[in-house]
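Colleague: Output the structure for:
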Amino acid sequence: MMTYDLKQCIEQELTGNILPFWVEHTPDPIHGGFYGSLSNDLKVNNLVPRSAVLYGRILWTFARAYRKYRQPQYLSTAQRAYDYLSYHFRDAKYGGMYWSVNVNGEPVETRKHTYAQAFSIYGLAEFYLATGEPGALDLARQIFELLETHAHEPTFGGYIESRGRDWVSPADQRLSALEPDCDKSMNTLLHLLEAYANLLRVWDEPRVRARLNELLEVFLGRILDPQTHHFRLFFHNDWTWPHQEHFSYGHDIEGSWLLVEAAEISGIADLLERTRSMSVQIAQAVYSEALQPDGRVLSESSEGPQSRDLEWWTHAEAMVGFYAAYQISGQEHFTRASVRVWDFIRQNFIDHRHGDWFKKLDLQARPYPHSPKVGAWECPYHHSRACFEMMERLT
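Modeller: Below is the predicted model of the structure:
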């Protein structure tokens, strides 16, 4: 009975709150596309550049929603994201996607960061899966070819963080100002793996399959610390890394189930067995170190200064990751943990006044008044995907 009620509650959150919020409040009727930033109380700030990451995530969310529900408002929202992404973010001269554009759709940051290319592929593949739009698959293939030519690192494996606009000149490798300038990062490689897994669903190309398998091996052999069951975060090209300053519990638990999903799509029995074992170990580490009695999940562990903020995406991923670990292991404490996290989400992250979720809370579980609900990183992808995943897993 609890499982049925939980599934019903999660689906109501998705279709009654998350998706309607993004359909109703985020499209820009004047400039096209979607607003660059929206506050918790729905104030628009179009001075904030629009990011390819946000648009790829919106595209994925509403293509996935349309694929499940076939509702016209989901299709029109996905189409809006596809049209804007493929026109304004696409570099007509050098190919690939700009990092960001302004309110008029003009390039602001032109570097070709692998992370932005990954989310473009991820959304484009889902849009093709939902609609059969050939242009979406063609564009996803083009970006794949560019990444393989200019970002794949043939000597040590994996992918370089970022290139300049022309795919040749160097660029600032950092994903954000909060991170070091490194050759490779766990975060970028995790979402490239996710993108290639989705691309393989619609384009069964041997090179995509080979690169997906390579990325799985990179995670198992290079990124996962077998002693702590945490992901190492930042690397030099040869996989040596600077002093490990912290672990990201959110990325750990997110990766724990994404890697299993990718291995399932890959179809390699040995990879699937190894990722399933790894998944439970990671989930247990997060359960032991980050999950609190009230259902909150700490963002990170650090030897020095660390963020104590509570992030919406960490909790969305923890709900899925713990339940996935239960499905693999049969250990009941994981399913109880998943429900505890959902209870904390319901009580603290869901904005019952203005809609959607608060994206960041302080230690007292209070939303920051000036933290955006929509922004370059504040998207519908993590929590909508968590709802889709839980609905399927609770069936």
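Colleague: Spell out the residue ranges of the strands in the stretch 1-150 of the chain.
Modeller: Ranges of strands in the stretch 1-150 of the chain, per DSSP state E, counting those that start in this stretch, are 50-51, 100-101, 107-109, 112-113.
Colleague: Show me the strands paired with the last one, marking each as parallel or antiparallel.
Modeller: As defined by DSSP bridges, the strand partners of strand 112-113 come to strand 162-163 (antiparallel).
Colleague: same question, the second one
Modeller: Looking at strand 100-101 with DSSP bridges, its paired strands and their directions are strand 50-51 (antiparallel), strand 107-109 (antiparallel).
Colleague: Turn those into CSV, columns for distance to Glu161.
Modeller: For every residue, glycine as well, the C-beta is placed using N, CA and C. Shown next, in CSV, are the strands paired with strand 100-101 (distance: least, CB to CB, whole Å):
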stretch, distance to Glu161
strand 50-51, 16
strand 107-109, 14
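Colleague: Pick the most deeply packed of those.
Modeller: strand 50-51 (a mean of 26; mean count of other CB atoms under 10 Å).
Colleague: In the stretch 151-300 of the chain, where is pLDDT below threshold?
Modeller: Residues of the stretch 151-300 of the chain meeting the criterion pLDDT under 70: 242-245.
Colleague: now the strands for it?
Modeller: So, for the stretch 151-300 of the chain - with DSSP E, counting those that start in this stretch - the strands run 162-163, 184-185, 224-225, 230-231, 234-235, 246-248, 300-302.
Colleague: neighbours around the residue nearest to Thr77 when sequence neighbours are not counted, how many?
Modeller: What sits nearest to Thr77 in space, not counting adjacent residues and going by CB to CB, 6 or more residues apart in numbering, is Phe62, at 4.2 Å. As a burial measure, Phe62 scores 30 neighbours (other CB atoms under 10 Å).
Colleague: show me the residues around Phe62 that make contact.
Modeller: Phe62 sits next to Leu19, Trp22, Tyr74, Leu75, Thr77, Ala78, Ala81 when contact means CB atoms under 8 Å, 6 or more residues apart in numbering.
Colleague: Now do the same contact list for the closest residue to the second one other than its chain neighbours.
Modeller: Pointing back at Trp22 there. In space, and not counting its chain neighbours, Trp22 is closest to Pro380: 4.9 Å by CB to CB, 6+ apart. Taking CB under 8 Å, 6+ apart, we find Pro380 in contact with Ile18, Leu19, Trp22, Arg57, Ile58, Thr61, Asp356.
Colleague: And the pLDDT at the nearest residue in space to the second one that is not next to it in sequence?
Modeller: Which is Leu19. Distance criterion CB to CB, 6+ apart; nearest residue to Leu19, sequence neighbours excluded, is Ala65 at 5.7 Å. For Ala65, the pLDDT comes out at 98.
Colleague: Looks like Ala65 contacts Ser384 (just checking).
Modeller: Yes. Between Ala65 and Ser384 there is a contact at 7.3 Å, judged by CB atoms under 8 Å.
Colleague: Can you work out which residues contact both of these two?
Modeller: In contact with both Ala65 and Ser384: Leu19, using CB under 8 Å, 6+ apart.
Colleague: Ser100 against Ser51, yeah?
Modeller: Yes. Ser100 lies in contact with Ser51 (CB under 8 Å); the separation is 5.0 Å.
Colleague: Now list whatever residues contact both of those two.
Modeller: In terms of CB under 8 Å, 6+ apart, Ser100 and Ser51 are both contacted by the residues Ala376.
Colleague: re earlier: which one of Ala65 and Ser384 is surrounded by more residues?
Modeller: The residue with more neighbours, out of Ala65 and Ser384, is Ala65; 28 against 25, by other CB under 10 Å.
Colleague: Could you count how many residues lie near Met278?
Modeller: Other residues near Met278 come to 20 when the count uses other CB under 10 Å.
Colleague: Same check on Leu129?
Modeller: 18.
Colleague: residue contacts, it?
Modeller: Ala63, Arg67, Asn198, Arg201, Val202.
Colleague: Give me the distance between the spatially closest residue to Ala81 that is not a sequence neighbour and Glu106.
Modeller: Nearest non-adjacent residue to Ala81, counting by CB to CB, 6+ apart: Leu59, 4.0 Å away. Counting by CB to CB, to the nearest Å, the separation of Leu59 from Glu106 is 20 Å.
Colleague: Kindly report the same for Phe21.
Modeller: Distance of Phe21 to Glu106, computed by CB to CB: 28 Å.
Colleague: Ok, Thr335 next?
Modeller: 49 Å.
Colleague: more crowded one of these two?
Modeller: When Thr335 and Glu106 are compared for neighbours, Thr335 comes out ahead with 18 against 10, by other CB under 10 Å.
Colleague: Could you double-check that the more buried one sits in contact with Ala324?
Modeller: No. Thr335 lies out of contact with Ala324 (CB under 8 Å); the separation is 10.3 Å.
Colleague: Export the strands of the stretch 1-150 of the chain to a markdown table and append columns for mean pLDDT and distance to Phe247.
Modeller: As requested, those are exported to a markdown table (pLDDT from 0 to 100; distance: least, CB to CB, whole Å):
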| stretch | mean pLDDT | distance to Phe247 |
| --- | --- | --- |
| strand 50-51 | 98 | 26 |
| strand 100-101 | 98 | 29 |
| strand 107-109 | 97 | 29 |
| strand 112-113 | 97 | 23 |
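Colleague: For Gln8, which of the ones you listed is the nearest?
Modeller: strand 50-51 (34.0 Å; CB to CB).
Colleague: which non-adjacent residue is nearest Trp257?
Modeller: Spatial nearest neighbour of Trp257, chain neighbours left out: Ala324 (4.0 Å); criterion: CB to CB, 6+ apart.
Colleague: what about the nearest residue to Asp309 once chain neighbours are set aside, neighbour count?
Modeller: Leaving aside its sequence neighbours, Asp309 sits nearest to Lys360 (CB to CB, 6+ apart; 5.3 Å). Per other CB under 10 Å, the neighbour tally for Lys360 reads 20.
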